[in-house]
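Chemist: what follows is a predicted protein model with its sequence.
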Amino acid sequence: YKNGGGVFLIPYFTMLVFGGIPLFYMELALGQYHREGPISVWKMCPLMKGVGYSACLIAFYVAFYYNVIICWALYYLINSFPFRDALPWAQCDNPWNTADCQVTGSHNASVNGSKSPAEEFYYNRVLKMDRSEGLHDPGGIQWELTLCLLAIFLVLYFSLWKGIKMSGKVVWVTATLPYIMLTILLVRGVTLPGAADGIKYYLKPDLSKIFDTNVWIDAAVQICFSLGVGFGVLIAFSSYNKFHNNCYVDALCTSAVNCCTSFLSGFVVFSILGYMSFKNNIPIEEVATEGQGLVFVVYPEAISTLPYPNVWAIIFFLMLLTLGLDSSMGGLESVITGISDDFKGTLGKHRELFTLLIVFIAFLVGFFNTAYSGAYSVNLFDTYAAGTAILCTVMCEAIGVFWLYGADQFSRDIKEMTGFTPGIYWRFTWKFITPLFIGCILISGLAMYSSPIYLGYSYPWWSQVIGWGITLSSMTFIPAVAVYRTLKAPGSSLRDKLAYVITPERDWHKVKQGDVYRFTWAHWKAL
């Protein structure tokens, strides 16, 4: 909606074809061939090992706030059960409601300043934002959310502590159940009055948006999040694959299913928006909103007007909960596998304790996000933790694999696993288009930066300093580790040291003999 409706599909699929799928294929192949996590996989090019640390740290940062949003969904799910005559966000006679509460009308369509009960339930009851003026004013802890957050992390811990065998069983539920729920919601949504207008609005392109740099940036970040590239998740999970598994088919099929699911979800959401527009007799522009408000205000409000609202609420929030847990398990598995594989002699032998430590730290930071000011800090993390950093990481990852490790060597690795060499499209895209395309988007995003605003709240300068500190803390690993590995490498001259750090560790004996293939023109021109 924010990015021009149907026109967003142009940058979305452009990024998918030239960035998302090639990077997805690359990470699957890397993990499967080298049988290592996202950090230790860089034995193939020690100079770029910082990319692995950066990816794991970004995934860890995301866990700090993403699981808080999941705990909101759990809170809604608990309140969806029929403990009372109506859903708690359907009426204005609750203790948290104000004089501005009005049952009829959209949550943001009020000229007279009225608010819907769904809006007041979310902001005043769930988040208790009415008791905080911003980041500088935590106000207190929303203990009910804290308990929900604790429940989320307990589920995550017992899903991850035994490794891939345990989490693989849990994923059978968390990955398949959402599709059942999504199908049910889709069928119900498209049969509501006004749904057709909502879908039309969803697909109606605003062509002026195609020239907006922010639309292309959002498309790139959306692809990274939905496919999981750049977080180390794909490398971590594919490292458990059989060596001769056809990762090419996996990449194509998984990417296609993932993006079709995202596209289908749009129909689920906008059919409901069309229904709300029809029911309240207002334009869709005044119903539609972006971000968390769409999930926790608009959709719950629509559900409360349907027959058997508790049933639809349970289906919707159970879908959100399982989707969130599935994604969160992947991110934390990247951190656990990445660091454990890099320190196999110590952490690898104590996975249960190390998993507990990682989960506890994530919970501890998440705990502060359950304060009354938690929504502001969640938005701060959401703005700075992954956007710029993840684009920088995947760009450096592509450069490290296809320029330093070598596109020709990578193609030979894939042929050894699958029996065939990647076509010219993949090799040309990997080496030239993907890093250049992502680099342009990254530079444009930095040039177009503006101070974040959330619900009219302008973030103070000191919070932006913290935000950029979060961004740079992960990105800094890339040059810092490169310098460290170069200084620690064998050799007396800088040239000798560089020869070692851009050569796979398995070939260091060749470097010792003076055979440095990556110093030859044949390496750099190979495709």
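Modeler: Cool, the structure landed.
Chemist: now do the strands in the stretch 351-500 of the chain.
Modeler: With DSSP state E, counting those that start in this stretch applied, the stretch 351-500 of the chain shows strands at 453-454, 457-458, listed in chain order.
Chemist: check the stretch 201-350 of the chain too.
Modeler: Listed in chain order (using DSSP E, counting those that start in this stretch), the stretch 201-350 of the chain turns out to have no strands.
Chemist: where does it dip in pLDDT?
Modeler: Residue ranges of the stretch 201-350 of the chain with pLDDT under 70: 288-290, 348.
Chemist: one more time with 80, if that's ok
Modeler: Applying pLDDT under 80 to the stretch 201-350 of the chain picks out residues 205-208, 285-291, 345-349.
Chemist: all helices of it, in order?
Modeler: Secondary structure of the stretch 201-350 of the chain by DSSP state H, counting those that start in this stretch: the helices cover 213-227, 233-238, 247-280, 292-293, 299-303, 309-342.
Chemist: any idea which of those is most buried?
Modeler: Highest mean neighbour count among the helices of the stretch 201-350 of the chain (mean count of other C-beta atoms under 10 Å): helix 233-238, with a mean of 28. Bear in mind the C-beta positions are built from the backbone N, C-alpha and C, glycine included.
Chemist: can you add mean neighbour count and distance to residue 141 and give the strands of the stretch 351-500 of the chain back as JSON lines?
Modeler: JSON lines is the format used below for those (neighbours: other C-beta atoms under 10 Å; distance: least, C-beta to C-beta, whole Å):
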{"stretch": "strand 453-454", "mean neighbour count": "14", "distance to residue 141": "20"}
{"stretch": "strand 457-458", "mean neighbour count": "14", "distance to residue 141": "20"}
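Chemist: can I get those in JSON lines including distance to residue 298 and mean pLDDT?
Modeler: Putting these into JSON lines (distance: least, C-beta to C-beta, whole Å; pLDDT from 0 to 100) gives the following:
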{"stretch": "strand 453-454", "distance to residue 298": "17", "mean pLDDT": "91"}
{"stretch": "strand 457-458", "distance to residue 298": "20", "mean pLDDT": "94"}
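Chemist: now distance to residue 331 too, for the ones you listed, in JSON lines please.
Modeler: Compiled in JSON lines, the strands of the stretch 351-500 of the chain are given as follows (distance: least, C-beta to C-beta, whole Å):
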{"stretch": "strand 453-454", "distance to residue 331": "23"}
{"stretch": "strand 457-458", "distance to residue 331": "27"}
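Chemist: dump the helices of the stretch 201-350 of the chain into CSV; add distance to residue 473 as well.
Modeler: Below are those laid out as CSV (distance: least, C-beta to C-beta, whole Å):
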stretch, distance to residue 473
helix 213-227, 18
helix 233-238, 20
helix 247-280, 29
helix 292-293, 25
helix 299-303, 35
helix 309-342, 15
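Chemist: right, and those helices - which one's nearest residue 527?
Modeler: Of all these, the one in closest proximity to residue 527, counting by C-beta to C-beta, is helix 247-280 (18.0 Å).
Chemist: now residue 153: closest residue in space that isn't a chain neighbour?
Modeler: Taking C-beta to C-beta, 6 or more residues apart in numbering, and ignoring the residues beside it in sequence, residue 153 has residue 363 as its nearest neighbour in space, at 4.5 Å.
Chemist: and if you look at residue 424?
Modeler: Nearest residue to residue 424 in three dimensions, chain neighbours excluded: residue 527, at 7.6 Å (C-beta to C-beta, 6+ apart).
Chemist: tell me the contacts of that neighbour?
Modeler: 407, 408, 424, 427, 428, 431 (C-beta atoms under 8 Å, 6 or more residues apart in numbering).
Chemist: neighbours of the third one, how many?
Modeler: Think residue 424. Neighbourhood size, residue 424 [other C-beta atoms under 10 Å]: 9.
Chemist: got it, and the second one?
Modeler: Here the neighbour count serves as a burial measure; for residue 408 (other C-beta under 10 Å) it reads 18.
Chemist: so who does it touch?
Modeler: Residues near residue 408 by C-beta under 8 Å, 6+ apart: 523, 526, 527.
Chemist: take those residues and keep only those in helices.
Modeler: Of the positions in the contacts of residue 408, residue 523 sit in helices, assigned by DSSP state H.
Chemist: give me the pLDDT value at residue 161.
Modeler: You'll see residue 161 listed with a pLDDT of 85.
Chemist: and residue 84, by the same measure?
Modeler: We note a pLDDT of 69 for residue 84 in this prediction.
Chemist: go on, residue 435?
Modeler: 94.
Chemist: and for it, the neighbour number?
Modeler: Each residue near residue 435 was counted by other C-beta under 10 Å, and the total is 22.
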